[in-house]
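Peer 1: Sequence and computational prediction follow.
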Amino acid sequence: MSAVLHGLGRFGLHLLRAWLDRPDGGIDIVAIQDAHHSLASAAALLQQDAKVSFADCRIAAEDGALRLDLPGRQPLRLAYWHGPAAGSPWLGRADWWLECSGDFASGEAARAFLRGRTRRVIVSATCPGADQTLVFGYNHEHFDRRAAVLSYGSCTVNAFVPLAAWLHARYGVAEAEVGVIHNVPPHRLAGHPHPVRRPCTLQTEGPRLLPFLAAERFHVDYVLIPYTGPSLIDFRFELARPAAAAALLDALQAACSTGPLRGLYALEAGTPSTAALALRPESAVLSRPLARLHGRRLVLPAGFDNENSAVRYLDLLEAVAQRGG
Ligand SMILES: NC(=O)c1ccc[n+]([C@@H]2O[C@H](COP(=O)([O-])OP(=O)(O)OC[C@H]3O[C@@H](n4cnc5c(N)ncnc54)[C@H](O)[C@@H]3O)[C@@H](O)[C@H]2O)c1
């Protein structure tokens, strides 16, 4: 499936890395475009980013393209366009438009990219007005080929939804709360000098995606902090049925290791430092020593590399491609 990647911010950078690591996933990124980074600054970003490493690639900016040489592989030439999306020479020229800039996160805005050969726009954020929101590991199998604008959810939606669905199937979830302490991209630090409470799109997407979760029985507390590392996310559930803590956590452990939550979550025997969460591919890394059950109140403290939620987005792209996307 040929694809244009629009947006080389934190999410786009993580996506590019994940895609390079999975050459056989059926996705062929043919062009990258960004309104902020010139070709030279995009090449420099790949060479110098403090977190996402491209040290295994020789990177060059040549003839309007990013050239990436990976050992043992054919050189990759990704056409590069620096400028506003509306003026892109890549409009309508690939099967998919990967909308990762954050600037077109509504169905109406995203539909502008459906032209020529481009039959699908996949938005890296919650997207009101999208034809479908598909959360990998929860409802990605329900992909409908008539859906032209897809949303993958968000980092918090992906962290919460499959876990809540799994818990509900076993114990019933009567209500839930999520507390998020979220980073900001390095280039936005100056604009965020203090912690600030913000609405989170999980607040509306959680009950919309999970029929058992009533909106009035779900709450998200989201705080953006002036810090660029991995983030924290704590889940609190009121279970509908009684459970024994050890049995519940053993079942959760099994689901994360070999069951339906495999690859999506880890339940760690220790409590990883936030720094150790960098580049972890799971949607959330839960800490068993911090987990607790008081009566029917289950608390699951976790952390996540929210930027690396790009891995879930790639999972979704591959799943959609396999279904004839
Ligand atoms: N960062 C995350 O944790 C995360 C996780 C999941 C989804 N998303 C979603 O992905 C989309 C993009 O998010 P992001 O985190 O990549 O945002 P970002 O701010 O890092 O990048 C967005 C855009 O900002 C511009 N930009 C990059 N560097 C810049 C600089 N130094 N100065 C000025 N502008 C610069 C680029 O044009 C880039 O496309 C958003 O819709 C977001 O909601 C982000």
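Peer 2: Right, received. Where do you want to start? Numbering: from 1, shown residues only.
Peer 1: Helices of the protein, start to end?
Peer 2: Ranges of helices in the chain, per DSSP state H, are 10-20, 39-48, 107-110, 155-171, 202-209, 245-257, 310-322.
Peer 1: How about residue 275: what's its closest non-neighbour residue?
Peer 2: Closest residue to residue 275 apart from its sequence neighbours, by Cβ to Cβ, 6 or more residues apart in numbering: residue 229 at 6.2 Å. Using the backbone N, CA and C atoms, a C-beta is placed for each residue, glycine as well.
Peer 1: wait, the one you found sits on residue 280?
Peer 2: No - in this structure, residue 229 is not within contact of residue 280 by Cβ atoms under 8 Å, at 11.9 Å.
Peer 1: how about the residues of the stretch 201-325 of the chain that lie near the ligand?
Peer 2: 306-307, 309 (Cβ under 6 Å from any ligand atom).
Peer 1: Whichever residue of the chain sits closest to the ligand: what's its closest spatial neighbour, skipping adjacent residues?
Peer 2: The chain approaches the ligand most closely through residue 9 (1.7 Å), counting by Cβ to the nearest ligand atom. Excluding the flanking residues, the one nearest residue 9 by Cβ to Cβ, 6+ apart is residue 185, at 6.3 Å.
Peer 1: Using the record's assignment, carve the chain into domains.
Peer 2: The chain breaks down into these domains under automatic domain parsing: 2-124, 155-306.
Peer 1: closest to residue 133 out of these?
Peer 2: Across these, residue 133 has its closest neighbour in domain 155-306 (6.5 Å, Cβ to Cβ).
Peer 1: Kindly check the end-to-end length of that closest one for me.
Peer 2: 5 Å (Cα to Cα, to the nearest Å).
Peer 1: How far off centre is that domain?
Peer 2: Counting by Cα atoms, centre = their mean, to the nearest Å, domain 155-306 is centred 14 Å from the centre of its parent chain.
Peer 1: circling back to that earlier point, for the residue nearest to residue 9, which residues are in contact?
Peer 2: Neighbouring residues of residue 185 by Cβ atoms under 8 Å, 6 or more residues apart in numbering: 9-10, 228, 307.
Peer 1: Quick one: buried ones out of these?
Peer 2: 9-10, 228, 307 (16 or more other Cβ atoms under 10 Å).
Peer 1: Now do the contacts for residue 46.
Peer 2: With contact taken as Cβ under 8 Å, 6+ apart, residue 46 is in contact with 13, 16, 54, 57, 59, 66, 68.
Peer 1: which residues touch the nearest residue to residue 37 once chain neighbours are set aside?
Peer 2: Closest residue to residue 37 apart from its sequence neighbours, by Cβ to Cβ, 6+ apart: residue 8 at 5.3 Å. By Cβ under 8 Å, 6+ apart, the contact set of residue 8 is 16, 32, 34, 36-37, 42, 45.
Peer 1: Can I get the buried part of those as one PyMOL selection?
Peer 2: Buried members of the contacts of residue 8, defined by 16+ other Cβ under 10 Å, are picked up in PyMOL with:
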select buried, resi 16+32+34+37+42+45
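Peer 1: All the strands of the stretch 51-200 of the chain, residue numbers only.
Peer 2: For the stretch 51-200 of the chain, applying DSSP state E, counting those that start in this stretch gives strands covering 58-62, 65-69, 76-82, 96-99, 120-123, 132-133, 149-151, 173-182, 196-198.
Peer 1: Which one of those lies nearest to residue 257?
Peer 2: strand 173-182 (22.0 Å).
Peer 1: So what touches the closest one?
Peer 2: Contacts of strand 173-182 (Cβ under 8 Å, 6+ apart): 156, 160, 164, 167, 198, 200, 202, 206, 212-214, 217-225, 231-240, 296, 306.
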